[in-house]
Each structure stands twice: as structure tokens, then as C-alpha cells.
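In: Provide a 3D model corresponding to the input given below.
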Amino acid sequence: MPTSLMLLWHMHQPFYKDLAEEVYTMPWVRLHALKDYYGMVAMLDEFPAVHMTFNMVPSLVAQLEEYAADTAREEPYHLAFKRAADLTPEEQAKLLTYSFQLNHENLLNRYPRFRELFDRVKQVAGPVAAATRFMPQDFLDLQVLSQIAWFDERYLEGDREISRLVRKERGYSEEDKSIVRKKEIDLFKVILEVYRKAAARQQIEISTSPFYHPILPLLCDTNIASESHPGVRLPHRHFHHPEDARDQLRAAMRLHERVFGSRPRGLWPSEGSVSEEVLRIAAEEGFEWAATDEGVLARSLQMGFHRQGDRTVSGGGELYRPHRFQPGNRGISLFFRDHQISDLIGFVYSRMDAHAAAADLHYRIKAAGRSTGGRPAVVSVILDGENAWEFFRGNGREFLKGFYRRVSEDSDLRALTATEALRVTEPGQLTRVVPGSWINSNFDVWIGAQEDNRAWDLLTQARDFFAENSTKPGIAPEQVELARQELWISEGSDWCWWYGPEHSSAHDEEFDLLYRKHLSNLYRMLGGSPPDELAVPIKRPKARALMVPPSGRIEPRVDGMVTNYFEWLGAGLYVPDYRSGSMHGAAAFIEALYYGYSEHALYLRVDLTEDFRAAHPDFELRVNVDGDHSIHLRAPVKDGQAAEIEFSRGGAQAEQTESASGIQVAFARIFEFSLEYGSLGLAPHEKIKLQVSLWVNELPVQIIPQEGWLTLELTEDYTGW
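Out: Numbers count the residues shown, from 1 in each chain. Model prediction:
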């Protein structure tokens, strides 16, 4: 029997609009609209046999409609297209800040002039000082390139005017900039139509989420967090409003029907968060299917799913089929995502060759299908459809096309929409569903931490105020409706995504301020005064990656142990910041990287977490050194012991012994390297770039620095990055 692939791409951005001021506070809907939403579905024209599901969050759709109508007011958007000669000094500095908020490796670096402008800003202390060194033409080039960098590859290649501007590279005119703005509006206008057309030809199914992307089980009852995590600290105030969960689902259905012409059959509950009460409400509202993570199924069935060496999965007979749950008078079908395969796409394949990654994904899905003991298999792969692609070269399009092509050509694998997949397999039966999300089968990302709980307390207080004041005489109905929208927006999952210890970004303060502003608007719209607590930031300052440059020469003993405290004293230190970024699930296996040098050698030390060492007796560390001569070192570990090293120098691959190659490696508690300058072709005062990656089963699980490269000069006069 062919294996069925149920692939679901989840399209979501937080709601960035301040309803009181009618201003978008951040540009991410617009920029992802240029880069992701159009191209992800448009590329399916090349693969008509490949069917899949797209989950379109209603709050995202509503924002896309405003950008398409050219009614969205947003400061970065305004500054990107304001006449360059008319920019004030303050606006120039803001433009220099906004323009470089993107992935440098894959978006900024592909345009040399864009990189040149960024390097000029880096040379001075801050955008205000840098602005004084920019000429009007510099700002004009920056405005154009900062927009083109976000355009989808398919659009860049297919539109002659945009292609011409890419080839021009510099010296842009105001007329060129006007063309870019017109093309952006044109692209915004076709996005939703492209989805409608793909759904009309039945190549895709469009599912939905609750309108402003709340964690539905917590809306129904915050106390349910203690069922999935006994002992979790709950907020002081109890939030218990299942009617809000139902209303957000109903609002989602209304928008979906208006925009896409039919009621959605399927539901991706925000962050895959489910409970029996949520599923009962969803079934009563007419949803035929929903989806969550394999961890929820494992806990519900009280069994585990274990990956074997051949990539099959024990327990796959349960994991790789939908299940039917009957929480009331109406039942609902449930898909459970393969957590590992989904996360490989989101967090690992971006570090691999696109063709190798596509082949590995295809192989793993086929292997998963062999796990059911001959019964028809439905492998559910569900993940974010936008944020991962900026970490791929070429926006991931080569990888996706390579994978879709393999699926198209494989007669034993068929890619189906969720509803199609329900028709080809016999579902399992569930009598119980343990509450949880796709992250650790609980709700800890959104509740339990001090910041999370404070946000919930403020929300509950505002919800009580709304209940007490929304029916008072004298308040206009339109004000009540605006206050209701502000309440629903504040119930969204995105605020508590950034609160707590798990995540942080360069925009923490903006997210925090916007959350408190939404709540404040609710009070004001109902004639009240916001409580003083809403003036106090919730988010604590971000803990950034620790970077300490070398302070002197070192010559440690390479034995894989911390022989004594002083041997690495004077080395540089890089400690990753695991809270940075919008995605959850990136590996956190490397505790620290130490680096330093003597008169004759470069030394590296990699500290791995105890959990990683216990779980992975076989792995590989790869070290890339890029300077006048490039070096690529592969140091495998077999059964917990360092094995024979491979390295290439100047592109000539060769296996060499440690002594012959000028390399010493040892691994026990830590991983230590010694790389001799002379043997490797390095010069004592050479400036080099350094990168270390960790691999398991030929897959890269982590790379540091995550930002790209560590730059150092092989001399005691080293002064920094």
C-alpha cells in the first residue's frame, strides 16, 4: 500500500496593529508576504500531483487584506519609500535600523551593495552616527535593496522589472523605488487569490486556527496547565472563559468563509494545543478534523514512539494514522505530527546541501510508512511555513522543489490534503486526550513562569473589567466591539511566547509594550482608566550570547579533560543565547566554545551538555577555518571515543593521522583540538573566520556561532570581533 503524506504548512504572524492608533507597530506581515506566502503555494504549479494543506490564521489573513488594499500604516514601510532627500536625521537613523533586521547570511549577503552599506554602519557607533556618513544615494540604494532582499525567488526570476533592478545593483532612482512599491502592492493583492485558486483545483486544503491564535485550553481554564504539568505555578487569577474559545473559533469560520468561499473542515489549534473540552467545542462548531503533536498521542495512549536505526518507528501503527475522538454528540478526527521529521525541516535541513536534505526527508517519510506492519500509513508532517526559510539558501526553494519532485516521481508515496488522507485509512479510536501542545506536550511556554503568569493576571483583570462594563448604558456599540477585539488580541499566544525564559528577540520591548497597550486600549474604549500596573514592563532584559575575546596566549594540554583551571585562562569564550529567535526547537547541545592560540597553534575547546553525551555515543564535530587557506576538519566520535580525523585543506580531501596532519584531538568530558599553523598552512598573524558544527547520523544538529562566523586574528594583539 502506498504511504500517504499529510503535509501541513502553518502560516501565522502575531497581530501587529494597534487598533486605537490604527498603526502597525512591526513590519513582519508585510515582509513575509513578500518572501513566503505567495511562493509557498505558487511553486505547486510545477507539481500538480503533490497535494497538501495550508493553515491560514485569520488574524494573518486580516492583516494581508489591509496591505493588499494599501491601507496599512506602518513606520518602516513609510520610511522605506519616502523620498530619500526628504528623510530627517531621525528618520535616516531609523531607516538604518529597520533595513538590516533580516538574516544576514542568506538575505543581506546576496547583494554586495547591501552588504557594503551594512559594513559602513558597523564601522561607527550606532545608526545615528552612521547616518551622518551616508549620502542621499546611499539611502536610496538602501531603501530599494532592503525591499528586494525579501522578495520571493519565484517573483524575482519571473518579473522583468524586478529582475532588472536586481541586475542594476546600485545607483537606484526614485522611479526605481516607485516600481518596487507598486510590485509589492501587486504581490499583496494576488496572495490570497493564489490560495483560492489552488483550493479550487483541489490541490490544497485551507484550514484555520482560532482568530487571534490563542492557546484554547488555557482560555477554557488556566488550571488545566497543572494536568499536563503537575506542580506548575499557576497565575494568581483564574482565567476560565470557554465562551471566548468558542467565539474565536466562530469568528475564524466567518472570515474563512468570506475570504475563501467555504467553511473550513480542519483546525490547527494554536501551537497544536488541545484538551478534551477544546475538541468538544471544535466538533460542536462543525470542524471535522484537528491536529496536534505525537507527544499528546503518546501520553494519551500511555506508550512511546521510538526511532530505530533503519528510521522506522516502534508504535508507528498508532502514530501513522488519524484517530477518532468522540468528546460529545459529535466526533472529530485527529492527526498527530511526526515530531522528529517536522523539526528536521524547521531546524536541521537548512544546514545541509539542498538535494541531500530533500533525499533524507523523502527517505525518512518512506521509512515511517514501513512502521505500520502493512497497514495503510498516513505520515503527518506539520510545521511553520514561513520562519524557517530565511535560514535556507535561496529561501529553501531548491530544497522544497527537490522534495516535491521526489514525491511526484514515487509511485509508493502520495501527498494528500488532510481531508483526502481521512478517506484512505481506517482511523484509530481515542477515549481520552491528555491536554498539551506540540512543545513538550504541555503549556509551559505560555504559563508558569513569572512573566507569563503576570501577563495572565493582567489579562484576567482586563477580562473582568470587560464583563462588568461592556453592557453599561452610554457606551457606543462600536466601542464595545473594538474593546472585544482588543480582548481577543490580548488572548493570543504570541505575547506569552516571548514572556518567560524560553524565547527572546531584538523586539522584546516592542512586543511587551504592544501587549500592554492592547490591554490599556480595552479600558479606554469602555470609559475606564488603565491600571498603573500596565505602565510597568513585564519582560525582563534579554540575556544575550556571551562573547569574550582572547586576552593572552594559551597552551593547554589536549586530553579531553579540564586538567586545571588555568590552562584555558586567557582564551576567548562564546556561549550561545538559546532564547534568540522566533522559532522553538533549535538544538541546545553545545554549552560553550573556547578558542585561543600560542605561537605555533590554534586551540579549540567544545563543551557539550551532559544529556547530549549520554544520549549520543556516536557523533561528529566539524570545524571550518576560513582565511587565506580554508580548512575543513571532521572529528568523529565512535562509542564515546575520538576516532580517526578527516580534513581537507585547499579542497583536497585526505585521511591523515593526527601527527601527520598537525592536528591533535581528544574527547572525554570536553572536546579539545590543537591545530598547528605550519602543518595546516596558517600564518601566525593571519586573520581567520571560525565555525563549529555538531552532527549526528550525518545530520547537522547545531552550529555556532549561530550568527555565522567567529572572527579572530592569530596573535596576542587580538582586540575583538
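In: give me the pLDDT value at Glu410.
Out: Residue 410: Asp, not Glu. We have a pLDDT of 97 for Asp410.
In: does it touch His362 like I think?
Out: Yes: in this structure Asp410 lies within contact range of His362 using Cβ atoms under 8 Å: 7.2 Å. Placement of C-beta: from N, CA and C, glycine included.
In: which one of these two has more residues nearby?
Out: Between Asp410 and His362, counting by other Cβ atoms under 10 Å, His362 is the more crowded of the two (20 against 16).
In: isn't that one up against Glu409?
Out: No: counting by Cβ under 8 Å, His362 does not reach Glu409; the two are 9.8 Å apart.
In: ok, for Arg263, nearest residue in space, not its chain neighbours?
Out: Ranked by Cβ to Cβ, 6 or more residues apart in numbering and with sequence neighbours excluded, the top spatial neighbour of Arg263 is Glu257, at 5.2 Å.
In: measure the one you found to Gly331 for me?
Out: 23 Å (Cβ to Cβ, to the nearest Å).
In: neighbour count for these two, which is higher?
Out: For Glu257 versus Gly331, neighbours defined as other Cβ under 10 Å are more numerous around Gly331 (16 against 13).
In: residues near the closest residue to that one other than its chain neighbours, how many?
Out: Nearest non-adjacent residue to Gly331, counting by Cβ to Cβ, 6+ apart: Arg324, 5.5 Å away. If you count neighbours by other Cβ under 10 Å, Arg324 ends up with 15.
In: please apply the same query to Ser441.
Out: Neighbour tally, Ser441, other Cβ under 10 Å: 23.
In: so it is in which element?
Out: Using DSSP states H and E, no element contains Ser441; it sits outside every helix and strand.
In: hmm, Val434 and it touching each other?
Out: Yes: at 7.1 Å, Ser441 and Val434 qualify as touching, with contact defined as Cβ under 8 Å.
In: list residues touching both of these two?
Out: Here Ser441 and Val434 have Ser228, Val296, Arg299 as joint contacts, going by Cβ atoms under 8 Å, 6 or more residues apart in numbering.
In: among those, which one sits closest to Ala666?
Out: Checking the shared contacts of Ser441 and Val434 against Ala666 by Cβ to Cβ gives Arg299 as the nearest, at 41.4 Å.
In: list the contacts for that closest one?
Out: Ser228, Val434, Gly436, Ser441.
In: 7 Å instead, please
Out: Val434, Gly436, Ser441 (Cβ atoms under 7 Å, 6 or more residues apart in numbering).
In: does Leu219 touch Glu243 like I think?
Out: No: using Cβ atoms under 7 Å, Leu219 is not in contact with Glu243; the gap is 9.1 Å.
In: please tell me how far the closest residue to Arg83 other than its chain neighbours sits from Met1.
Out: In space, and not counting its chain neighbours, Arg83 is closest to Glu174: 6.3 Å by Cβ to Cβ, 6+ apart. If you measure Glu174 against Met1 using Cβ to Cβ, the figure is 61 Å.
In: again with Pro214
Out: Taken as Cβ to Cβ, the span from Pro214 to Met1 is 39 Å.
In: more neighbours: the two, which one.
Out: Between Pro214 and Met1, Pro214 has the larger neighbour count (other Cβ under 10 Å), namely 28 against 12.
In: now do the same contact list for that one.
Out: Gln248, Ser270, Glu491, Gly492, Ser493.
In: how about 8 Å then?
Out: Going by Cβ under 8 Å, 6+ apart, the list of residues near Pro214 reads Asp244, Ala245, Gln248, Ser270, Trp488, Glu491, Gly492, Ser493.
In: how close does the fourth one get to Tyr212?
Out: From Ser270 over to Tyr212 the distance is 9 Å, taken as Cβ to Cβ.
In: touching both of these two, which residues are there?
Out: Contacts common to Ser270 and Tyr212, judged by Cβ under 8 Å, 6+ apart, are Gly492.
In: low pLDDT regions in this protein?
Out: Scanning the chain for pLDDT under 70 picks out the ranges 541-545, 565, 577-587, 627-629, 649-661, 684-685, 698-700, 706-708, 714-721.
In: would you map out the domains in it?
Out: 3-15+201-430, 450-535, 546-713 (automatic domain parsing).
In: looking at those domains, which one is packed in the most?
Out: Stretch with highest mean neighbour count among the domains of the chain: domain 3-15+201-430 (a mean of 20; mean count of other Cβ atoms under 10 Å).
In: I'd assumed Tyr38 was in contact with Val194.
Out: Yes: under the criterion of Cβ under 8 Å, Val194 makes contact with Tyr38 at 6.1 Å.
In: look up phi and psi at the closest residue to Ala72 other than its chain neighbours.
Out: Distances taken as Cβ to Cβ, 6+ apart place Glu66 nearest to Ala72, at 4.4 Å, with adjacent residues excluded. Backbone torsions of Glu66, given as degrees, to the nearest 10, read phi -70, psi -40.
In: gap between Glu66 and Gly39?
Out: 21 Å.
In: which one's more surrounded, the two?
Out: Using other Cβ under 10 Å, the more surrounded residue of Glu66 and Gly39 is Gly39, with 23 against 18.
In: quick one: secondary structure of Leu621?
Out: For Leu621, the secondary structure call by DSSP: H, G, I helix; E, B strand; the rest coil comes out as strand.
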